[in-house]
Each structure stands twice: as C-alpha cells, then as structure tokens.
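Undergrad: this one's sequence-less:
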C-alpha cells in the first residue's frame with residue numbers, strides 16, 4: 001500500500017486526505033458465523049483501516065474519513081460480522097483523535113440508494129431497515145449530509161433517514177426523539193381492527209387462516225400448500241425468508257417477533273397461537 005500511494009512514483013502531490021470506503025458484507029446469523037466469514041468481512045474494513053492508520057498517523061492528514069454503518073444501531077438481522085467491523089472503525093476514529101487531533105471521522109451511513117452495497121442488498125434487508133424506522137438516501141443527499149456533518153467536530157457521526165414508526169409498534173429508543181420523514185413510505189396494511197370484536201375461537205381460526213396466507217405469499221405458494229401444523233423449514237423457509245416473514249407479520253399485526261421466532265414457533269399454528277395470545281392481552285388492556 002505504501003508503494004501504491006507513493007507520491008513520487010505516481011508523480012503526484014503528497015496525500016493529504018483519505019476516504020476509506022472499502023467493505024464487504026457476509027450476512028449470517030450469529031450461530032452460523034465462522035472464522036473465514038469473519039476474516040472476509042474484517043480484511044477490507046479493519047485491516048485496510050489499520051494499514052492506512054499506520055501509514056498516515058494522526059496529525060499528518062487534513063482528513064481521514066472512515067465509512068461505517070448505522071445498521072448496528074437498529075439491530076439488522078444477520079449483520080454480526082459487518083456490525084463488528086464497523087464498530088472497530090468507530091473505535092479507531094476515537095483512538096486517533098484522543099491526543100487532541102480532529103482529523104479522523106467515522107461516518108455511520110445508512111444505505112446510498114442504488115449505489116455500492118445498496119445496489120446488491122437484498123430486499124429483505126431493506127424491508128427490515130424500513131420496519132425498524134430507517135431508510136436509505138440518494139447520493140446527492142448523502143454528499144449534502146456529509147458536508148453538513150463536517151461542521152461539527154466529532155469522531156463519530158450517524159447519517160440516516162428516519163421513518164415514522166409503524167402502527168402498533170414501539171420505536172427503537174435510539175430513534176425516539178427524531179422526526180420521521182414520510183416521503184416515499186409505503187402504507188402499512190394491518191389486520192388488527194378487524195379482529196378486535198371476534199370471539200376467542202373465531203379469532204384463532206381467523207389468525208391461523210391469515211398467517212397461512214402470509215406464509216404462502218412469502219414462499220410464492222398457494223395457501224393450500226401450507227399445512228398449519230407442518231414445520232415451516234420443511235417448506236423451504238431459510239434464515240433470510242424468516243426475516244421476510246417476520247417483518248411481514250410484524251407489519252400486519254403490530255407485534256414484535258424475535259429473529260429466532262421459528263425456533264420456538266416452528267409452525268403456522270404455533271405462530272398464530274402466539275399472536276392470538278398477544279392480541280388478546282392488548283385488546284383487554286384497551287378495553
């Protein structure tokens with residue numbers, strides 16, 4: 001790297017500023033993370049940042065900008081290794097500035113729409129980010145926000161678009177005091193109001209029927225192909241589909257479901273039973 005950046009060899013002026021934007025993702029739930037995946041994600045972000053930091057110590061640059069991510073702030077599923085690598089960059093910025101320097105900044109970005117990683121990010125990740133109250137920004141907006149953020153001396157800054165909370169869902173504490181931007185946000189269709197007056201037996205039947213339809217839609221199957229008591233993994237529901245299904249049901253029912261939902265509730269019947277119990281408690285409190 002020192003050779004590649006040698007100003008004399010390149011016949012260029014000395015390097016006075018760096019933007020470290022390298023990175024790859026390795027989506028995986030924490031129990032599936034292995035050493036090769038960790039290394040693949042850490043190498044460009046962590047090792048690359050350390051090489052640059054050693055070549056250009058604090059005080060030798062006008063600016064040293066590290067591209068981090070705000071995904072870990074909203075707990076996006078499957079981002080364990082990526083979140084750890086970005087957290088390292090945040091720590092490195094603070095470490096470099098500890099002696100009274102102000103040249104290093106770690107910018108925790110939301111996605112840049114249609115650019116870089118966002119161009120290859122799965123629709124499921126985007127959907128989950130939206131569900132948790134975070135949206136992407138255009139390249140123009142990103143550069144404008146970057147220029148604005150530079151007015152404030154801080155080692156760490158988060159740049160994101162905040163969405164209004166979904167109906168019947170709690171907003172993440174870290175976003176609770178931020179105003180939401182409704183521009184471009186899709187309307188959320190819930191089923192809750194139509195369930196409030198149903199008797200207990202009818203409520204369970206209706207929720208089972210609806211969950212069955214939601215699972216079928218997520219898997220591109222007909223509802224008849226989804227047996228209520230058959231484990232969903234046998235129908236081809238993998239870790240990524242679980243995320244999509246979980247978000248779909250959360251939006252529809254306004255009920256928070258953990259990322260490991262299918263471990264304890266592996267069938268349509270089990271899922272529906274859990275949601276009926278939660279809904280009944282909510283209806284009782286409202287009454």
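TA: Alright, I've got the coordinates. Everything numeric here is computed off the predicted structure, so don't read it as measured data.
Undergrad: using the three-state scheme, assign the residue nearest the centre of the chain.
TA: Taking CA atoms, centre = their mean as the criterion, residue 76 is the residue nearest the geometric centre of the chain, at 3.2 Å. The three-state assignment at residue 76 reads coil, by DSSP: H, G, I helix; E, B strand; the rest coil.
Undergrad: verify the contact between it and residue 127 for me.
TA: No. Residue 76 is beyond contact range of residue 127, at 10.5 Å (criterion: CB atoms under 8 Å). Backbone N, C-alpha and C define where each C-beta goes, glycine included.
Undergrad: related to what we said a few turns ago, need the pLDDT of the residue nearest to the centre of the chain.
TA: We have a pLDDT of 79 for residue 76.
Undergrad: same deal with the one 4 residues further on?
TA: At residue 80 the predicted local confidence, pLDDT, stands at 87.
Undergrad: do you know how far the closest residue to it other than its chain neighbours is from residue 79?
TA: Leaving aside its chain neighbours, residue 80 sits nearest to residue 30 (4.7 Å; criterion: CB to CB, 6 or more residues apart in numbering). Separation of residue 30 from residue 79 (CB to CB, to the nearest Å): 10 Å.
Undergrad: neighbour count winner among the two?
TA: residue 79 (24 against 11; other CB atoms under 10 Å).
Undergrad: so who does the more buried one touch?
TA: For residue 79, the contact set (CB atoms under 8 Å, 6 or more residues apart in numbering) comprises 25, 27, 71, 72.
Undergrad: isn't the last one up against residue 80?
TA: Which is residue 72. No. Residue 72 is beyond contact range of residue 80, at 9.2 Å (criterion: CB under 8 Å).
Undergrad: tell me which of those two has more neighbours.
TA: It is residue 80, of residue 72 and residue 80, that has more neighbours when counted by other CB under 10 Å, with 21 against 18.
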